[in-house]
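Trainee: generate coordinates for the sequence data below:
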Amino acid sequence: MADSVGPGIVEWYGGGDSPGHRCGYCKSTNTNVSDGMWSRILTVQDYQDLIDRGWRRSGKYCYKPKMDTTCCPHYTIKMKALNFKMSKSHKKIIKQFNKFIIHGKKRGEHESEEGGMEETGGGISKGGGTENENKKEQSGSKDSSDIEKVMVTDKGKEETQTKQDKATPKPGLGADPNKPKCKKAKELRKERKLAKQSENPQLEKQPSQKSQKQKNSGKKTLEDLLNELDQAESCAHKFEIRLVRSEPHSPEFTQSFDHAHSVYHSYQMKIHNDPPEKPSVAQYTRFLCNCPLQEEYKEGRLPMGYGSFHQQYWLDGQIIAVGVIDILSNSVSSVYLYYHPDYDFLSLGTYSALREIAFVHELNKKDPDFAYYYMGYYIHSCPKTRYKVQYYPSYLLCPEVYSWHLIEECVPKLDKNRYSRFADPDKEDEEGKVDLDKVMILHRRMAMTYEQYKLLNPKKQTSHDKVVRKYSSVVGRSCATRMLLYRD
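Mentor: Numbering: from 1, shown residues only. Alright, predicted model coming up:
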C-alpha cells in the first residue's frame, strides 16, 4: 500500500501553434487544435488541478483544446453530485434496469395470458438481442462522441390503441355544433380547484399538511431506487458491481483483463464500427489501462484509496459493462464507459452515470471533500453531447479565467457563438500568472527551479523561455511550481 507520493513529472509536447488534426465531431480534417503533454507521473491533486483548467487525459497523454481556435470548443463540465436532481427519464431507466434484474423482464415486454413473455413496440428478442429497435442507446466516452437515446414503451397507450382498433364505430351525425365542446377531466378538475380558491383565498397560500406529506412521501432518492436490488427477496439475475484498481494492476484487474477486453472489442466493433484489428489488447491497454495517476491513501479517508479504477458490472458471472473512472482529491472523473452490445437495452450509459453519481455520495460519507462528478467535455455545437445538460446542477468552465458557471447561464451565449467567455469582463486568470524562475524543472535526474536550470544552461535560455512560459500559463501556478517539467 502506497502511503506517500512523489512529484508529478510531465514532458511538454505543445501543438497548439501547429496545424490541427482531424476532428471526431464535425469530421473536419485539420481543424482540431490542442496543446498536449506526456504525463509520466501525476498525483491526484495534480490531475484535479489540471482538469479544473480544461485538461483531460487519454491514457497517459494529457491534452487541452485551444478553445479560441479549434473547430468544436470543448468545455469542461462538472456536476455537483450532492445536489443532483433526477429527471423522470433517469427514474425510468433505473426502474427498467431493476425490473430486468428482479423479474427478468426487458423493456417493452409484458406477460401474456398464457404466462409467457410477449414483446411490445421494440422488437426485443428473448435471447438478449435488440433487433429492430427504433432507437438505440449509444454511450462510451462520455466526453467525446456519444449520447444515449432511450426508447420508453408506453404500454398503456398501446393497449388503448388496440381497443380502439378493435371497436367498430357506430354511424352518427357527429358533435352538435349548438352545444359547447366537451372538456377533459383535467380541465374540469382545474376549474373546480380555481373556484374553491376564489371562495377561500387561504387555500392557495396554506396547502394542507396531509397533501404536503403525501407529496413528500412519494419521492424516492437516487439511492432508494438503486438499493431496490439489494432489498428484493429474490432476483431472476445475479448483479454486482466490482471496483478494481487499474493502476497499479490489482489481482482482480489482472484476472478479469481478458474478459473485460473481449467486451471492449465487441463494443468498439458494434457501436463505433471499428475494424476487428483496431481494438487490440495493446490499444485497449494504452487507452484505458495505462494511467499516470499514483496510488494514494489518506489516513481515515477512503479505504480503496485514490487513483484510477475500473467499475465492472457483472451479470450472472459475466462482465457486461466497465466504467473507467479516476478517484481524485474531491471528485470522481468519468473517463470512458463500454458495454457488451447485447445489453444496450439496459441503457447502460445513463445507468452507469447514475451509479457513478451515487458513488460520489458514498465517498462523501467517508471523505467530506467529495462533492463533484466530472463528465468530461461538453461541446455545444455537437448534439451528441447535449444529454449532459440533463444532469442537474451542472457547471461549465470559463475558457479564459477558469471559473465555474451554471450551464443554463452559458447556453444562451453558446447559441450565439461556439466560443464564449462566461466570466465577467473585468475578471482575470490569476492562476495563470506565474513567475518563470519558480517553475520546477527535472534536469539530469535532479529537481530544480527554472532559475537554477538557466544558470546551468545559459545558451538554451531563449529557446526554453517560450516553452516554459506557455506551459506554466496553461497548467497554472499550482501545477507549474509543484510538478516537474522534463528538460534535457
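
Trainee: from now on I want contacts and neighbour counts done on CA atoms only, so please keep to that.
Mentor: Will do.

Trainee: go through stretch 4-11 and flag the buried ones.
Mentor: For stretch 4-11, burial by neighbour count (16 or more other C-alpha atoms under 10 Å) applies to G8, I9, V10, E11.

Trainee: let's see which of those end up in helices.
Mentor: The members of the buried residues of stretch 4-11 all map outside helices under DSSP state H.

Trainee: save the residues you listed as a markdown table, and put in distance to Q197 and pLDDT too.
Mentor: Shown next, in a markdown table, are the buried residues of stretch 4-11 (distance: C-alpha to C-alpha, whole Å; pLDDT from 0 to 100):
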| residue | distance to Q197 | pLDDT |
| --- | --- | --- |
| G8 | 66 | 97 |
| I9 | 69 | 98 |
| V10 | 68 | 98 |
| E11 | 70 | 97 |
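
Trainee: mind listing which of those are in strands?
Mentor: Of the buried residues of stretch 4-11, the ones assigned to strands by DSSP state E are I9, V10, E11.

Trainee: redo those as JSON lines? Include distance to M440.
Mentor: Shown next, in JSON lines, are these (distance: C-alpha to C-alpha, whole Å):
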{"residue": "I9", "distance to M440": "10"}
{"residue": "V10", "distance to M440": "11"}
{"residue": "E11", "distance to M440": "12"}
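
Trainee: so where's the stretch 201-350 of the chain uncertain?
Mentor: Under the criterion pLDDT under 70, the flagged ranges of the stretch 201-350 of the chain are 201-218.

Trainee: and the strands in it?
Mentor: For the stretch 201-350 of the chain, the strands defined by DSSP state E, counting those that start in this stretch occupy 239-247, 307-315, 318-327, 331-339.

Trainee: quick one, which of these is nearest to K270?
Mentor: Closest approach to K270 among these (C-alpha to C-alpha): strand 331-339, 10.3 Å.

Trainee: so what strands line up beside the closest one?
Mentor: strand 318-327 (antiparallel), strand 372-378 (parallel) (DSSP bridges).

Trainee: and the ones you listed, which is most packed in?
Mentor: Highest mean neighbour count of the strands paired with strand 331-339: strand 372-378, a mean of 25 (counted as mean count of other C-alpha atoms under 10 Å).

Trainee: give me the buried positions along stretch 219-230.
Mentor: Buried-residue list, stretch 219-230, by 16+ other C-alpha under 10 Å: L222, L226, L229.

Trainee: quick check: the first one touching A358?
Mentor: Yes: between L222 and A358 there is a contact under C-alpha atoms under 8 Å: 7.0 Å.

Trainee: rewinding a little: just put the strands of the stretch 201-350 of the chain in CSV and tack on distance to M446.
Mentor: Shown next, in CSV, are the strands of the stretch 201-350 of the chain (distance: least, C-alpha to C-alpha, whole Å):
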stretch, distance to M446
strand 239-247, 26
strand 307-315, 26
strand 318-327, 29
strand 331-339, 32
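
Trainee: identify the residues contacting stretch 403-412?
Mentor: Under the criterion C-alpha atoms under 8 Å, 6 or more residues apart in numbering, residues H380, V389, P393, S394, Y395, L396, L397, C398, F422, A423 lie in contact with stretch 403-412.

Trainee: 6 Å instead?
Mentor: Residues outside stretch 403-412 that contact it (C-alpha atoms under 6 Å, 6 or more residues apart in numbering): S394, Y395, L396, L397.

Trainee: which parts of the lengthiest helix in the chain are buried?
Mentor: Assignment by DSSP H gives helix 348-366 as the longest helix of the chain. Across helix 348-366, burial judged by 16+ other C-alpha under 10 Å covers 348-358, 360-361, 363-364.

Trainee: farthest-apart pair in the residues you listed, please.
Mentor: By the measure C-alpha to C-alpha, L348 and N364 form the most distant pair in those, at 23.9 Å.

Trainee: follow-up on the earlier one: okay if I get the contacts of stretch 403-412 as CSV plus secondary structure and neighbour count?
Mentor: Listed next are those as CSV, based on DSSP: H, G, I helix; E, B strand; the rest coil; neighbours: other C-alpha atoms under 10 Å:
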residue, secondary structure, neighbour count
S394, strand, 24
Y395, strand, 24
L396, strand, 24
L397, strand, 27
